[in-house]
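Undergrad: Mind looking at a prediction? Sequence and model below.
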Amino acid sequence: MEFTFDVNDILKYEITKITPTMIPPGFTGDRRKLWDTQNKLSDIINTMGEASAAAQGLTKPITTADKLKNSEHTLYLLVDPKGTKGKGSVMGLLKMGHKGLYVFDREGEHHQLQPLCVLDFYVHEAMQRMGLGKKIFEHMLKEENIEPVKLAIDRPSEKFLGFLKKHYGLSGAIPQMNNFVVFDGFFTKSKQAAGTPERQNNNNSQSSNVSPTKTQNGCHTTSPFGRYGAPRPPCSMGQIIHNHSPTVQPTEPSRW
Ligand code: ACO
């Protein structure tokens with residue numbers, strides 16, 4: 001993706017990790033330069049987010065600069081420094097973030113977790129199937145110190161499912177009642193934790209501990225978040241097993 005300004009001035013590395021501060025690593029300069037850099041960075045993020053949405057057939061982008069600023073998400077941007085006659089071009093994005101989810105294991109037991117999730121993933125059409133997706137994904141795995149099987153994937157496309165199978169041998173998703181996909185190996189044998197590193201759902205704590213808590217009917221008390229903000233069903237599995245009428249009616253806050 002080409003821009004009128006010098007991308008290499010803003011994104012100084014082949015893969016740059018952008019946090020909600022919107023200050024790219026390696027930035028130096030005064031407030032005025034920061035303002036200019038952040039405007040250009042917003043342009044990059046919004047353009048890439050729109051391209052990703054178009055590639056996935058979505059009506060609205062999942063990734064925008066404003067959403068990133070108001071989140072705890074992390075965005076990885078892949079740059080070709082030689083592109084656009086040496087000004088640099090942007091080839092891909094990968095957005096990651098923790099989400100509060102209900103996740104079913106193979107036994108049908110559900111867990112309230114905050115796994116790290118793949119939220120948006122895109123490589124420019126002209127450069128797909130050339131190993132660039134793997135390059136950015138591998139960088140993220142190292143940076144986040146996580147195995148692919150511990151990730152939850154927000155409504156993966158067929159291409160992304162193929163990618164996960166080819167590069168990481170992931171197939172046979174465990175059926176879920178939301179748009180997220182997890183694979184065998186996501187849950188630890190102790191059934192205590194999954195998708196490490198995770199966080200407890202109190203005050204957005206950064207703790208990596210997990211202790212899923214349940215209400216008496218086996219339901220959990222916070223709402224999950226889905227890719228399209230679809231309403232979540234009540235905890236029907238717990239109700240059926242325990243023959244209880246619903247006592248928890250999760251409301252679905254809009255993700256974006
Ligand atoms: N058709 C089928 N499989 C594909 C395709 C395609 N057009 N493109 C990539 N893949 C899969 C295949 O397994 C392929 O291996 P193969 O060529 O041997 O069949 C493998 O990915 C290639 O790996 P990379 O080259 O490392 O991946 P790439 O650079 O193509 O990036 C990505 C993968 C990001 C999924 C890219 O194809 C893309 O941007 N697709 C369009 C947008 C999209 O679907 N994003 C994921 C949405 S879901 C989410 O974000 C949570």
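TA: Done, it's in. Numbers count the residues shown, from 1 in each chain.

Undergrad: make it CA atoms for all contacts and neighbour counts henceforth
TA: Fine.

Undergrad: could you dump stretch 159-173 to CSV, C-alpha only?
TA: Listed next in CSV are the C-alpha coordinates belonging to stretch 159-173 (Å, rounded to 0.1, in the frame of the first residue of the first chain):
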residue,chain,number,x,y,z
LYS,A,159,-7.6,-18.2,3.9
PHE,A,160,-6.6,-17.8,7.5
LEU,A,161,-7.8,-21.3,8.4
GLY,A,162,-5.6,-22.6,5.6
PHE,A,163,-2.7,-20.5,6.9
LEU,A,164,-3.1,-21.9,10.4
LYS,A,165,-3.3,-25.5,9.1
LYS,A,166,-0.3,-25.1,6.7
HIS,A,167,2.1,-23.3,9.0
TYR,A,168,1.1,-24.5,12.5
GLY,A,169,-0.8,-27.8,11.9
LEU,A,170,-4.0,-26.3,13.5
SER,A,171,-7.2,-27.9,12.3
GLY,A,172,-10.4,-29.3,13.9
ALA,A,173,-11.7,-26.3,15.7
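
Undergrad: got the contact list for it?
TA: Residues outside stretch 159-173 that contact it (CA atoms under 8 Å, 6 or more residues apart in numbering) are 134, 148-149, 181-184.

Undergrad: can we see that at 10 Å?
TA: 56, 106, 121-122, 128-129, 131, 133-134, 147-149, 153, 155-158, 180-186 (CA atoms under 10 Å, 6 or more residues apart in numbering).

Undergrad: try stretch 20-30
TA: Contacts of stretch 20-30 (CA under 10 Å, 6+ apart): 9-13, 16-19, 33-35, 37-39, 41-42, 65-75.

Undergrad: Check which residues of stretch 158-166 are buried.
TA: For stretch 158-166, the neighbour count (16 or more other CA atoms under 10 Å) marks 161, 163-164 as buried.

Undergrad: near the ligand, which of the residues you listed show up?
TA: Of the residues in the buried residues of stretch 158-166, proximity to the ligand by CA under 6 Å from any ligand atom holds for F163.

Undergrad: Can you report phi and psi for the residue lying closest to L94 once chain neighbours are set aside?
TA: Excluding its sequence neighbours, the residue lying closest to L94 (CA to CA, 6 or more residues apart in numbering) is F121, at 4.4 Å. F121 has phi and psi values of phi -150, psi 130 when expressed as degrees, to the nearest 10.
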